[in-house]
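>>> any chance you could fold what I've pasted below:
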Amino acid sequence: MTTSISEFERNKPRETYKQINLLIKMQKDKDKRINGNAGAQINGKWLVFKEELEKLKVLFLKGE
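Model (predicted):
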């Protein structure tokens, strides 16, 4: 059985993927300019923005 996918649904993930890649690129550029890794402390744990964005990309590609 074939499922019909609307044009919107077909394009939405591609645009989301492009945006994730743009955010990762922007964060890498910022990290270069500050000579380190930008991040934040959440619940007592230091999280690096670039690493968290890359995790988001992996989850997106897995469809989770």
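>>> the nearest residue to residue 13 once chain neighbours are set aside: what's it in contact with?
Excluding its sequence neighbours, the residue lying closest to residue 13 (Cβ to Cβ, 6 or more residues apart in numbering) is residue 60, at 7.7 Å. From N, CA and C alone the C-beta is placed, and that goes for glycine too. Under the criterion of Cβ atoms under 8 Å, 6 or more residues apart in numbering, the neighbours of residue 60 are 13, 16, 17, 20.
>>> confidence score at residue 60?
Residue 60 carries a pLDDT value of 88.
>>> go on, residue 18?
Looking at residue 18, its pLDDT reads 92.
>>> and what of residue 28?
Reported pLDDT for residue 28: 93.
>>> and it, how close does it get to residue 38?
Residue 28 sits 10 Å away from residue 38, going by Cβ to Cβ, to the nearest Å.
>>> can you pull out the helices in the protein?
Counting by DSSP state H, the segments of the chain that form helices are 7-34, 49-62.
>>> so between residue 28 and residue 38, which is more surrounded?
Taking neighbours as other Cβ atoms under 10 Å, residue 28 and residue 38 compare with residue 28 leading, 15 against 12.
>>> touching, the more buried one and residue 50? I think so.
Yes - between residue 28 and residue 50 there is a contact under Cβ atoms under 8 Å: 6.1 Å.
>>> shaky segments in the chain?
1-5, 7-12 (pLDDT under 70).
>>> do that again at 90, thanks
In the predicted model of the chain, residues 1-16, 33, 37, 60-64 satisfy pLDDT under 90.
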